[in-house]
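S.K.: return a 3D structure for these sequence lines:
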Amino acid sequence: MGEHSKDFFLGSEGRAGFIGQLLKDIKALEIILEKDIIESGISRIGAEQEFCLVEDNSRPSKLSPIILEEINDSHFTTELALYNLEINLDPIKLKANCFSEMENQLQQLLSKAQEVAKKRNTKIVLTGILPSICKRELELDYLTPMPRYFALNKMIKELRGTDFTLHLMGVDELDIQHNSVLFEACNTSFQTHLQLDPDDFVSSFNWAQAISAPVLGLCANSPLLLGRELWHETRIALFQQSIDTRMVSQSLKDQLPRVAFGNHWAQGSIAEIFKNNISRHKVILGKEIKADALEDLEQGKVPGLDALKLFNSTVYQWNRPCYGTSKGKAHVRIENRYLPAGPTQIDQIANFAFWVGLMKGRPAKYDELSKIMDAKEAKANFMKAARTGKETVLNWMGQDYTLKDLVLEELIPIARSGLEKMNVDQADIKRFLGIIESRARGRNGAQWTIANYRLLLKSMKRDDALLALTRAIYLKQQQNIPVHLWEDIKNPPALLKSSSLVSHIMTTQLYKVDENDLAQLATKIMSWKNIHHMPVEDKHGKFCGLLTWSQIEQFDKDVEDHATQLVADIMIKDVTTVRPWEPIEAAVKLMKEQEIGCLPVVREKELLGIITKKDLTDFGI
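M.R.: Next comes the predicted model:
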């Protein structure tokens, strides 16, 4: 890892040099703003499409470097995990048929990627969180071998001082520790960019914050993670916790996470937003910056502000302020980072048009939001929308609205006005805002996913349901029909059983006992629940033994005083186990050779699940 990350880690002298350049960049930006050098009077839009690569069996692929090389197109680039890639769409002027034009380019590039991927028995899936990702795909061997990614992983772990901890509670609960930053790789988004005039940047930025909740709630499509039904847009909490550099402490602290919505309205200029971020967040990545921004200005050049851009890329605001240069001109823009990828290309472009229309249609009464809305209310709305999606009740300027009513009554008219103001073609306005209106009245991606996952679970084990769901999403995306028109899964697509692991078929909802429990308790539970195998854990929660029905029967025959006998007295202590990443075929062979009816699935003495003969029968073995 040291070799991979050395380019982004500097000694104390190098770090000081990078921070020095960072401060020069801020000073240069202030001069650029003061001298009115930044481009204004023109609006451009752009987008970044992240997508997942899956094998024929709907499990994540590791072929992104190979597929990227074979695509051979500068629009494509790597992402954190080996099962993700990103497309950078060309920025275009906000006018006429710009959204249809962007839709066409996105379709062409995705088709190009799909054509290459198909030769490698790989498919492309657009979704905020891939349902079929399991913990195995979060190990470091799935990290894309690029210096920046290794550096990010190393630095965040060092700052935290511990492994990554994820705790989420929705309908289900997920509480897990992990040793890498790859939880972040579960997230895939459709990041949208809008160029703004510098003198209106702060008002636009605050407005972007205010409208984030209803836009997010309407577009939510990521309710599942590792088979658990969590938030309607689980990406929001997942991203914050996976990139959290704060140490756990017994002291009460108010340190902001690197992934944040923000607690206050922005003031001043875009430079003040950057200053605030530098003040609050430690520099975690650095490299040698050769260009001097202040010298470039003196020579009449437009500086790139490379140090500022690198720092800004490690502060993950949901509405991120950005500085950029193009064709010798500087510009500023907002990057919307909270929109999920998918469910279809047309849904994404509709989301984009809705957001841009809202941004450009901002009524004058919202120019100074601090006078009519508390920033904490905007944040509270955002978190509620992430949790409950389209089913959220929001507080909008002092009044309560269902998300549906807010979108239909207040926001779509604003968006339509904004798009008309920018001379967007009426056909595009009608088409894309029509999708938004229909989704507000119908189902969004999160609601469809939840309903169909529950439906599949009635007849399938969890892993098979996740695979079937992923496969169904892929097939529906090929039709490019908006998600509000998706029908429920009636006939689950056929699943491929190749390359399946123990973790994919094991039972995880277990009845367990402690070794110091009364044996009689164990016998009663096994009888009540009609189970033939019960794992035993010690006082530290580690797997230490197994009870079987045959033992219980023998116990009932041989022991007269059941009242004093403990589980530890009768359990099997020398138990054959299997690891979660072992192939199913290996588990079957082991069970046949040893003539045993079950295999506990254990990792570092931690019980993860159990495989029984019934599981194998259900799997078709």
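
S.K.: for residue 237, see how far away the most centrally placed residue in the chain is.
M.R.: Per CA atoms, centre = their mean, the C-alpha nearest to the average position across the chain is that of residue 187, at 2.2 Å. Distance of residue 187 to residue 237, given as CB to CB, to the nearest Å: 11 Å. Where C-beta positions appear, they are placed from N, C-alpha and C, glycine not excepted.

S.K.: show the contacting residues for the closest residue to the residue nearest to the centre of the chain other than its chain neighbours.
M.R.: In space, and not counting its chain neighbours, residue 187 is closest to residue 235: 4.6 Å by CB to CB, 6 or more residues apart in numbering. Counting by CB atoms under 8 Å, 6 or more residues apart in numbering, residue 235 makes contact with 128-129, 186-187, 189, 222, 338, 340.

S.K.: please repeat the previous calculation with a cut-off of 10 Å.
M.R.: 128-129, 184, 186-189, 216, 220-222, 225, 242, 337-341, 386 (CB atoms under 10 Å, 6 or more residues apart in numbering).

S.K.: quick check: domain ranges of this protein?
M.R.: 2-441, 502-619 (automatic domain parsing).

S.K.: pick the most buried one from those.
M.R.: The highest average neighbour count among the domains of the chain, using mean count of other CB atoms under 10 Å, belongs to domain 2-441 at a mean of 19.

S.K.: now it, how far from the centre of its chain.
M.R.: In terms of CA atoms, centre = their mean, to the nearest Å, the centre of domain 2-441 is found 11 Å from the chain centre.

S.K.: so where's the stretch 201-350 of the chain uncertain?
M.R.: 242-256 (pLDDT under 70).

S.K.: mind listing the strands in the stretch 451-600 of the chain by residue range?
M.R.: Remark: strands assigned in the stretch 451-600 of the chain by DSSP state E, counting those that start in this stretch are 513-514, 533-537, 543-548, 598-603.

S.K.: tabulate those (CSV), appending mean pLDDT.
M.R.: What follows is the strands of the stretch 451-600 of the chain, written out as CSV (pLDDT from 0 to 100):
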stretch, mean pLDDT
strand 513-514, 91
strand 533-537, 91
strand 543-548, 91
strand 598-603, 89
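
S.K.: among those strands, which is nearest residue 407?
M.R.: strand 598-603 (45.4 Å; CB to CB).

S.K.: and the angle for the closest one with strand 543-548?
M.R.: Following axes from the mean of the first three to the mean of the last three CA atoms, to 10 degrees, one obtains 170 degrees for the angle between strand 598-603 and strand 543-548.

S.K.: okay, the angle between strand 598-603 and strand 533-537?
M.R.: Using the same axes, to 10 degrees: strand 598-603 against strand 533-537 is 30 degrees.

S.K.: what's strand 598-603 packed up against?
M.R.: Judged by 3 or more CB pairs under 10 Å, 6 or more residues apart in numbering; DSSP states H and E, strand 598-603 is in contact with helix 502-505, strand 533-537, strand 543-548, helix 584-594, strand 606-612, helix 613-619.

S.K.: can you put those in JSON lines and add distance to residue 28?
M.R.: Below are these laid out as JSON lines (distance: least, CB to CB, whole Å):
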{"stretch": "helix 502-505", "distance to residue 28": "52"}
{"stretch": "strand 533-537", "distance to residue 28": "60"}
{"stretch": "strand 543-548", "distance to residue 28": "59"}
{"stretch": "helix 584-594", "distance to residue 28": "59"}
{"stretch": "strand 606-612", "distance to residue 28": "52"}
{"stretch": "helix 613-619", "distance to residue 28": "62"}
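
S.K.: quick one: which of those has the weakest pLDDT on average?
M.R.: Among the helices and strands packed on strand 598-603, helix 613-619 carries the lowest mean pLDDT, a mean of 72.

S.K.: surely residue 464 meets residue 456?
M.R.: Yes. Shown here, residue 464 and residue 456 form a contact pair, counting by CB atoms under 10 Å, at 7.8 Å.
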